[in-house]
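Colleague: Quick one: sequence plus predicted model below, questions after.
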4 protein chains.
Amino acid sequence: MPEVVFPLDSMKRFTEQRIVGHNRWHPDIPALVRVKPGDTFRVDCREWFDGAIHNNDSADDILNAPLPSVHVLSGPISVEGAEPGDLLIVDILDVGPIPQEDSGPLAGQGWGYTGVFATRNGGGFLTEQFPDAYKVIWDFRGGVATSRHVPGVSFVGIVHPGLMGTAPSHDLLRKWNAREQALIDTDPDRVPPLALPPNPDSAILGSLGGDDFDRVAREAARTAPPRENGGNQDIKNLTKGSRIFYPVFVEGANLSMGDLHFSQGDGEITFCGAIEMGGFMDLGVDVIKGGMDTFGVSENALFMPGRTDPQYSEWLAFSGTSVTLGGEQRYLDSHLSYQRACLHAIDYLQKFGYSDIQAYMILGAAPIEGRLSGVVDIPNSCSTVYLPTEIFDFEVRPGKGEPHKVDPGAGVPVARA
Amino acid sequence: MPEVVFPLDSMKRFTEQRIVGHNRWHPDIPALVRVKPGDTFRVDCREWFDGAIHNNDSADDILNAPLPSVHVLSGPISVEGAEPGDLLIVDILDVGPIPQEDSGPLAGQGWGYTGVFATRNGGGFLTEQFPDAYKVIWDFRGGVATSRHVPGVSFVGIVHPGLMGTAPSHDLLRKWNAREQALIDTDPDRVPPLALPPNPDSAILGSLGGDDFDRVAREAARTAPPRENGGNQDIKNLTKGSRIFYPVFVEGANLSMGDLHFSQGDGEITFCGAIEMGGFMDLGVDVIKGGMDTFGVSENALFMPGRTDPQYSEWLAFSGTSVTLGGEQRYLDSHLSYQRACLHAIDYLQKFGYSDIQAYMILGAAPIEGRLSGVVDIPNSCSTVYLPTEIFDFEVRPGKGEPHKVDPGAGVPVARA
Amino acid sequence: MPEVVFPLDSMKRFTEQRIVGHNRWHPDIPALVRVKPGDTFRVDCREWFDGAIHNNDSADDILNAPLPSVHVLSGPISVEGAEPGDLLIVDILDVGPIPQEDSGPLAGQGWGYTGVFATRNGGGFLTEQFPDAYKVIWDFRGGVATSRHVPGVSFVGIVHPGLMGTAPSHDLLRKWNAREQALIDTDPDRVPPLALPPNPDSAILGSLGGDDFDRVAREAARTAPPRENGGNQDIKNLTKGSRIFYPVFVEGANLSMGDLHFSQGDGEITFCGAIEMGGFMDLGVDVIKGGMDTFGVSENALFMPGRTDPQYSEWLAFSGTSVTLGGEQRYLDSHLSYQRACLHAIDYLQKFGYSDIQAYMILGAAPIEGRLSGVVDIPNSCSTVYLPTEIFDFEVRPGKGEPHKVDPGAGVPVARA
Amino acid sequence: MPEVVFPLDSMKRFTEQRIVGHNRWHPDIPALVRVKPGDTFRVDCREWFDGAIHNNDSADDILNAPLPSVHVLSGPISVEGAEPGDLLIVDILDVGPIPQEDSGPLAGQGWGYTGVFATRNGGGFLTEQFPDAYKVIWDFRGGVATSRHVPGVSFVGIVHPGLMGTAPSHDLLRKWNAREQALIDTDPDRVPPLALPPNPDSAILGSLGGDDFDRVAREAARTAPPRENGGNQDIKNLTKGSRIFYPVFVEGANLSMGDLHFSQGDGEITFCGAIEMGGFMDLGVDVIKGGMDTFGVSENALFMPGRTDPQYSEWLAFSGTSVTLGGEQRYLDSHLSYQRACLHAIDYLQKFGYSDIQAYMILGAAPIEGRLSGVVDIPNSCSTVYLPTEIFDFEVRPGKGEPHKVDPGAGVPVARA
C-alpha cells in the first residue's frame, strides 16, 4: 500500500480527523500534505455528506440532507515544483470503497446509496417528475452492486471520484463568484436555485482559523459545479488506470478530491447521486512544466481513461429531442433532449414492472452511456441513453410477447417534501 | 443481394429516377414501395444534396449549398399490416457506399465530404468560431477514411444512416408545424434561423402532382430535425446489425431513409456534416402489433446497436462546462458544455500543427464519443468528448516533450462568406 | 468497387472460367493476374469444393466429398517488384459472400455449410466421437447466421479467408514434399491419413498444359495444411481491416487465396469446415523490400487483425487437459487438451437438448475462442474453449434450476460411412 | 473486507502460520477452514515458492529453485453441504497483491518475478532455446507492471490465481498416480521429467502429523499439473468477477488455491512463470446440488470470466505450424505450432533491440493471447500468438522504415546451468 498521506478514521467525523480537509474552493486553504513529482500515495476519502446518510429504508435523511456541508474533500495536497501554467499529471492507480471495512454505518463500508433530492432541497435532473426525496441502498459484493430496493438488476461498478481538482487562484475564484452571482441574480428566489453562492455556514477550511477562516468562508466557492480546475465533473470514466492532466493555478497545484462513486450513469442524473461512498484513492503525480501553453490547455481537465472499465456488448438505447413534455419546441437544447431520452427509458422500464423511481434510480447508478448524438439539426438536438441489457436478470429487449414483469418488492423509500 | 425495392441510377438526378423519393415529411406522400413483415430488401440512397457537392478543392459548393432541397430521401415504404400504435422493427442488415462504383462524381462513389456551412447559410455547432464555408474530401479504402485535406489521421468508418423514420400523421404534422413556428416567431430574423418552416421551394414529394402537390408542399415538414418519428437523428451507432423500433403513426408506417454517413463523431458537429455519401441499405422489417402501448413508446425510436462497430481502446478526452467563451455563466447548458469541450480539443490539436478548421473537421468526421458526463451540478453541466488516439499516425498524447508537429499541407478549402 | 482482377461466374464451374485458378501449390503455375504495389483490386473466390456441396438435408455430398479437388484457389497474382526476401503486405479491405447474389445453388449465395467428414474420408478433430458424415446449412441474413438444423443459436459472422498465401520456391516445395512424405511413411495405411502427398488426380493448375502440367501435377503440394507461405491457416481473425505480412519466396510473390468462411470457431474443429462459402475479397498490396530479414520473418505470416470483429462480452468457458478419454496420460499435448475442452462443451450443451452433433457444429461454426491456457505444467497442458453466451436465444449459463430444453428439431443430416 | 478465513503473516514462513496450508493434493488433508454456501471471505495466498525468489539481479535462486516444495496452497476450505456430484460455485470477488504492503522482500509486496527454469531443473516451453535459468523482476504501480530488466514495455495486469481446485477423492487420486507413473515409466530418466510422482520430500500437509502424514506424503499428488479437479490451470482469464464451477469429489469440496499471478500470457510459457506474487483472494461460494450430472460436468472446471479484463484493441500476431525447428513434420501438434509461433514473435522482437530472453519474458508475462487457430489441416496445425501493440512505448508495427531500436539495458539476469 502506498503511504497514506491523508488518512481518515471511519470512527470519527470529518472535522475531528488528524488532518482536516475542506468543503470549499479557495487558494488560501493551506496544503498540509506535500508530495513530490513521481510520488505515489494513498488518500482516504469520506462520502460527500460525512455520514449523514444511513443504510436504512427511510428517505428522511435525504429529505433533510445538509447541503451547505458538501463536499467533504481530502486535501489540499501540494506538489513540489508545480506552478501556475503547468499541467499536473494525476494517475489514478487505484480507487475503491473503504478498504478492510466491509460493513459498518458509513457509506463505503460495503454499501452505498443513491438519492434524489426533493425539489425544495436541490432538486435534480428530473425534479419535475420526481419532486420528493428518495433513497436506494446498494450492496457491494466484489465489484458488483445490487439493491434490496431495486430487484432484478446487478452491475459491475465503474468506480471513480466524482470530484477532483486543483485550487483556483484568487483571480479565478473572483471570476467564479462574479459570474455565478450574475446568474443567481437573474432569478434569485428560484427553487431549486440557479447556483450556490459562497456560504460560511458549515464551511470546513482545513487548518484555517480566526479571521482567515471568516474571510475565506465568505469568499470560498462552493464545490457543487465543475469548473476550470476540474472539480465536480462526475465523469464516470475516471476509473482506475486513468491519467488526468489538470491545469495548475497556484503554487503547488493544491490538489483535492472526494465524492467517490461505486458506479454512476452518464450525467449522474439522480444528483445525490451516483452510488455514493467513502473509500480510498491511490495516486501518482507528476508535472509538465509549462504544459498549459504547450498543449493549449487554458482550463478544465483532459484525461485518458483506464483500460479496465466494465465491458458490456449489448445495449438498449433510447433517444430524445428538445421538445418539452408540454410540447414546447426548444432550440438545440441537449440538456432537454437527454431528459426526454431518460424519460423514455423510464417509461419503458415501467412496462416491466418497475416503479418510475426504481427506473430512475437504475439510470442514475448503473453504467449507462449518455451521448450527444445530434447537436446541429435545428431546432432539435438528439440525445441518446444506452442501457446495457446484461445488467438485468430477465429479458429486457422488446419482442412480440408481453414484457416480463418484475416483482418490484417494497420499492424505493420516499420522503414526501 | 436482396431485391432492390428502391433503386437509384447514379447517372440520373434524384427527380429523374424510376421511383422518385421525397425531401419533406407528410402523411399524404404515397408509398410506391410495399413490403411485408419478414421481408428483406435493398434501398439505394442518394447523398443528401443530390450531387451538388463535388470532389474538388473548393468550398464554393458548400457556401452555396441548396438548403431547401434537403434531404433527398428514399421512400416512403409501406409495410403491410402496420398500423398506428404498432412498433415497426427495422433491422439494418447492411449499409455502405454505392456498391460496385468505387469512383465517380457522386459522393459515395469511393469518396465523401464533410462541410461546414457559413453562418449565413445554416451555420453549425461552432459557427461563431467558424463563420465561413469549408469542405474536406475523404477517400474510402476498404472501411477506412483518409483525406488529402487533413493529414496524419485515418479511421475505420462507423457507417450509418443519418436519417430514417416513419411518416407522421396529420395530427402529428400539425403539432410539429405549430411548435416550430412558435419558436421561429420568437426571433424570426435570426441568422442562422431557429428552425425551418415548410417551404414549397425545391420540395420533392414522390409521385404527387397537381393540387395535392401544392397543398402538401405548403404543409410538409422539413427534414432537418429529428422528431417523434425518428428522422434526422444522426446517431452514429445505427450501424450494420442495429435493430430499431419506430413508432407507427400512419397505415403502413411509411418508412423513409437517407443521409448516409461513412463516419461521424457524436453530434455531427460540423453539420454538413458527417462524412456524407450516397449508398445502399439492406433492411429487414417486422411489426410488433400494439407495441407502442406494450412497451411505453409514445415517440422517438429506441434501438439496439450492432456488434461490429470499430473498436478503439485508448482515448484522449476533453471536458467542458457551461460557461461561454465570453465568461458568462449559463445554467446547466449541456449544449454549451459540449461546445466548450470540443473547443478544448481543437485548441489542443492546433498545438500539433493542425489548423483550427482541420481539428474541427476531425471531430466532425472521426468516431469520437460525446458524453453528457454531469448534468446536475448547478450551475455547470460537464460534457466530454473522447478522441481515439489510434486514429492519429503520430504520438498525440500529452507528455514532457514538445508535441509532434504535423505538416498541415494545403489545408482545408474555405469559401469566405 | 475495385477492379475485379480475378472474376468468377457463378453459373460456370471453376475450370470453365475466363481465368482458371489452381488447387495445388507450385512455383511454376503462371500468374495470369498482375498488380502493382499500392493497387486495390477485387478477387472472386469459389467455395472450396467448387459447388459439390448442396443446400439440402442430406449429408451424402459430404460423405462423398471429392477431397483431391480442393481447395479451388483464386490466383496466382503477381505483384510487381516483389522478390524473394521481401514481405508482401496484404490489406483485407473487404471480404464477404458472393455480392448481389442472395440466393442460388452455390454456397455463398445467401447460405453456407458446415460439414464433418467421415473417418474414412478425412475425418476431423473429433472423428473418434463422430465417425460419419454430417452437414448443416446456415442461412445468412445481414451479417448473421442461423440454421434450420441447429435451432436456438444465431451469431454475427466473423468473415475471413481460410486460405491465403504466396507461392513456394522450388526449394521450399521440395522441403515440404520430403518432410510430409517422411511423416506418411511412418504409417502409410492410416485412416485418416497422416498427410496428403502430391496427387495429379483432379489437379487444377491455371493455364498450364501439356508436359508442364503433368510434371507440376506430380510435384505440386496439396493445399490442406498451412505452411511457411501462409496457406490454409484458418485463422478466424483475418477479417476485414486485417493487414497481413507474407514472406515472399518467388518473383512476384504469386499470391493466391480462397476457402472463404462466413464464420468459424477457433480451430475449425469440424474440418469441413467453418461456414463454407464462395464470395469476394477486396485487397490492397504493398511490398517491404528486404522485409524478411529486417523484421526477422523467415516463414509464416504475421498479421494485424481488423477492428470490426463481432463483440461479445459474456463467455462460458470449458477447460480440458491432456488425458485421453480412455484415461491415458499424455505429455503436454495441447491438441488433446483442446479436444477434451471441446468435448466438455459438447457434453454440457447436450444437457440443454441439443444432440451431440448439433453441439459440435456450433463449436465449429460460431465465433468461439480456443486458447492455449497452460502449456508447461507437466504432464498436463490446459486448453480452454470460450462460447459467447449471447449467441443462444435461451439462458445457457449454469444455475440452480434445470437447464432449458431446446427442441432439437429434425437435427443434423447424417450419412453413415 | 470480508473475514479472513485463511490469514498469512508476511513475516513468517508458510509452515509457521497459524493455519498451515498444503502443497500436495490428497483427500485426507483436513479442512481447517469451514464456510457455508452464500458466504464471502478472504484467503491470503503465498507466492508459490514461499519466498525463495528474491527481488535482486541474480538468477541463482531460480537455478536452485526448490521444486519439491511447490505450490504452497491456502486451504483446504470445506463448504458446508457440498457432496460428491455437486458443482461448487466459486466467485472471484477480488484478487490482488498483498494488501497494504507495497514494499518488502516477499513477492507480492509491490513486485513480482518471472523466471525460466534451467533444463536440468524443470525446463520450460522453449527449454531447447533457453537451457539456463533466468529471472526478471516486475514492479507494480497501480495495476501496471514494468521491469528494470525489460525496458520499453508496460501493461495492465490481468490478475488471477494460477491454481485453484477441489480435493480429489481417493479413487481419483489413485487414477492420477497410476496414469502419471505409466507416463514416467516410458522414459524414467528424461530431463526434464515427463511428470512428477508423489514425493514426501518437502511435503506440507496442513495439520496432518505422524503416520497419517507419512502415508499421505507418499500418496499425495504433486500440484504442478491441472487435473479433473481444476488445479494448476494457469488460465489468465480467471480474473476478478469470474465465476467458476468446480466438480466436487469429496464431502465439503475442500477447495484450495494459490500461485497468484499479477499477469500472464496465454500458456504461461516461461513456466516460472507468469508474474508470480503472493496476495489475497476474496471469494464467494455456493453449491449446485447434483450439478455435475445436471450439466454434464464429469471433470475440469467450467467458468465465466469477469468483465474488467484489460482492454487492448490493436494486436500484432504471429503464426506457427507443427514443423520442428529442425525441419521435421509432426502430425497436428498444436503444442509445437504454438512454440513456433512464439519463436517467431521472439525473432521479431529481437529486431527491435531486445535480447531473445527479454522477448521470451514479455511473452510469458504480458497479456498475450494464444489461440488454436487451425487443428484439422493435416498434417499441420496452426497456432497463433497475439501481442497488444499498445504495451510497447515505441512503434512496434512492421513498416517500410527500419525498426526502432530499444536500448536493452543490463538485460535479464541469467544463471548458467
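Modeller: Now that the structure is in, tell me what you want to look at. What you are looking at is a predicted structure, and each value in this text was computed from that prediction instead of being measured.
Colleague: what about the closest residue to A:Gly124 other than its chain neighbours, how many neighbours?
Modeller: Leaving aside its sequence neighbours, A:Gly124 sits nearest to A:Phe271 (CB to CB, 6 or more residues apart in numbering or on different chains; 3.8 Å). (C-beta placed from N, C-alpha, C; glycine too.) Residues near A:Phe271, counting by other CB atoms under 10 Å in any protein chain shown, number 26.
Colleague: Give me the phi and psi for A:Phe271.
Modeller: Per-residue torsions, A:Phe271: phi 70, psi -40 (degrees, to the nearest 10).
Colleague: Spell out which strands sit alongside the strand or helix carrying A:Asp282 in the sheet and which way each one runs.
Modeller: Assigned by DSSP states H and E, A:Asp282 belongs to strand A:279-288. Partners of strand A:279-288 in the sheet, by DSSP bridges, are strand A:40-45 (antiparallel), strand A:87-97 (antiparallel).
Colleague: a markdown table for those, including distance to D:Ser313?
Modeller: A markdown table is the format used below for these (distance: least, CB to CB, whole Å):
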| stretch | distance to D:Ser313 |
| --- | --- |
| strand A:40-45 | 28 |
| strand A:87-97 | 21 |
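Colleague: Give me the contacts around the helix or strand of chain A with the lowest mean pLDDT.
Modeller: Of all helical and strand segments in chain A, the minimum by mean pLDDT, DSSP states H and E falls on strand A:272-276, at a mean of 94. Residues outside strand A:272-276 that contact it (CB atoms under 8 Å, 6 or more residues apart in numbering or on different chains): A:47-49, A:53, A:62, A:65, A:107, A:112-117, A:122, A:124, A:138, A:145, A:157, A:162, A:234, A:236, A:259-265, A:268, A:364-365, B:376.
Colleague: same check, this time on stretch A:392-407
Modeller: Residues outside stretch A:392-407 that contact it (CB under 8 Å, 6+ apart): A:151-154, A:316, A:351-354, A:387, A:389, B:87, B:245, B:288, B:291, B:294-295, B:302, B:304.
Colleague: Show the contacting residues for A:Ala107.
Modeller: By CB under 8 Å, 6+ apart, the contact set of A:Ala107 is A:47, A:51, A:53, A:55, A:113, A:276-278.
Colleague: Tell me where the model's unsure across the stretch 201-350 of chain A.
Modeller: Along the stretch 201-350 of chain A, the model assigns pLDDT under 70 to no residue.
Colleague: all helices of it, in order?
Modeller: Along the stretch 201-350 of chain A, the stretches classed as helices by DSSP state H, counting those that start in this stretch are A:210-219, A:291-294, A:334-350.
Colleague: I'd like those helices laid out as TSV, including mean neighbour count.
Modeller: Shown next, in TSV, are those (neighbours: other CB atoms under 10 Å in any protein chain shown):
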stretch	mean neighbour count
helix A:210-219	15
helix A:291-294	18
helix A:334-350	25
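Colleague: for those helices, which one sits closest to chain D?
Modeller: helix A:291-294 (19.4 Å; CB to the nearest CB).
Colleague: name the helices or strands packed onto the closest one?
Modeller: Packing contacts for helix A:291-294, counted by 3 or more CB pairs under 8 Å, 6 or more residues apart in numbering or on different chains; DSSP states H and E, involve strand A:87-97.
Colleague: so the strand it packs on versus strand A:272-276, what angle?
Modeller: Relative orientation of strand A:87-97 versus strand A:272-276 (axes from the mean of the first three to the mean of the last three CA atoms, to 10 degrees): 70 degrees.
Colleague: any idea how far strand A:87-97 is from the chain center?
Modeller: Offset of strand A:87-97 from its chain centre (CA atoms, centre = their mean, to the nearest Å): 16 Å.
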